[in-house]
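>>> Sequence plus predicted model, see below.
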Amino acid sequence: MNNDIRWAKLSSACGVITFASLLRRNRHNGKQAHKAELHEWESEGGSLAPSPVATNDLVTTGSA
């Protein structure tokens, strides 16, 4: 194998490693941002929305 082929393989390997590390960092930053937003939301007293079934209207079925 001549030196040109070795340098080409080394260069492509470095490119693949760089691309993989960028993807991993992007995923990690996204998870950290989501975690921070969730913590901020919980600190504000956020709670789940009430279910649409729970209402103050009295619903009767059948004959009374």
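Nice, thanks for sending it over.
>>> all contacts plus neighbour counts: C-alpha atoms, from now on.
Noted.
>>> any weak-confidence spans in the chain?
For the chain, the stretches with pLDDT under 70 are 46-64.
>>> where along it do the helices fall?
3-43 (DSSP state H).
>>> gap between S21 and I5?
24 Å (C-alpha to C-alpha, to the nearest Å).
>>> burial count for L38?
Other residues within reach of L38, judged by other C-alpha atoms under 10 Å, total 13.
>>> Please tell me how far it sits from G45.
11 Å.
>>> before we move on, what about R27?
From R27 to G45 the distance is 28 Å (C-alpha to C-alpha).
>>> okay, the two: which has more neighbours?
More neighbours surround R27 than the other of R27 and G45, with 12 against 7 (other C-alpha under 10 Å).
>>> Tell me who's in contact with E40.
Counting by C-alpha atoms under 8 Å, 6 or more residues apart in numbering, E40 touches no other residue.
>>> Can you tell me how far it is from H34?
Look at E40 and H34: by C-alpha to C-alpha, they are 10 Å apart.
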